[in-house]
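>>> Fold the following and give me the result.
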Amino acid sequence: MSRKRDDVACPSCGEHMRKKARRCGSCGTANPLLESRSFGEQIGLGWTVLLLVVVGVVLVLLGAWLAYELLALGRLNPYLVAAGGLLILVGIGSAIARRWRR
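The predicted model follows:
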């Protein structure tokens, strides 16, 4: 195969393949240029942990506020219930998406 300007060497076998090829035509190794990193890999471990802590604190505060509204005041704030329901749906949806992607 002739080497062109848009060809790269395969990291496994060294054969040349196009930059946009999904796999090497010779050995079948995935093209590392096309592999996408997860959000956690892009921002790093420290920022991922910080983001999870912030989201966890927000969820705990939201739950405490909802419990206060229900127990102390005897009413439910519809906006608070909607926000909690939306967070639950997003959590369930992300769990389903992760399992489906595998």
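>>> Could you chop the protein up by domain?
Split into domains by automatic domain parsing, the chain comes to 1-35, 39-101.
>>> Throw these into a markdown table and include mean neighbour count and mean pLDDT, thanks.
Where you see a C-beta, it was placed from the backbone N, CA and C, and this is true even at glycine. Below are those laid out as a markdown table (neighbours: other Cβ atoms under 10 Å; pLDDT from 0 to 100):
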| stretch | mean neighbour count | mean pLDDT |
| --- | --- | --- |
| domain 1-35 | 13 | 79 |
| domain 39-101 | 11 | 82 |
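>>> For the protein, just list every one of the strands.
Along the chain, counting by DSSP state E, strands occupy 7-9, 16-18.
>>> and the last one, what does it pack onto?
Using 3 or more Cβ pairs under 8 Å, 6 or more residues apart in numbering; DSSP states H and E as the contact test, the elements touching strand 16-18 are strand 7-9.
>>> How far does the strand it packs on sit from its chain's centre?
29 Å (Cα atoms, centre = their mean, to the nearest Å).
>>> Note down every partner strand of that strand and its orientation.
strand 16-18 (antiparallel) (DSSP bridges).
>>> Now the residue nearest the centre of the chain: closest residue in space that isn't a chain neighbour?
Residue closest to the average C-alpha location in the chain (Cα atoms, centre = their mean): F39, at 4.9 Å. Once flanking residues are discounted, F39 sits nearest to T48: 7.9 Å by Cβ to Cβ, 6 or more residues apart in numbering.
>>> Run through the neighbouring helices and strands of the lengthiest helix in the chain.
In the chain, taking DSSP state H as the definition, the longest helix is helix 45-71. Packed against helix 45-71 by the contact rule (3+ Cβ pairs under 8 Å, 6+ apart) you find helix 39-43, helix 78-101.
>>> Tell me the gap between that helix and the middle of its chain.
For helix 45-71, the distance to the chain centre is 19 Å (Cα atoms, centre = their mean).
>>> Tell me what angle it forms with helix 78-101.
140 degrees (axes from the mean of the first three to the mean of the last three Cα atoms, to 10 degrees).
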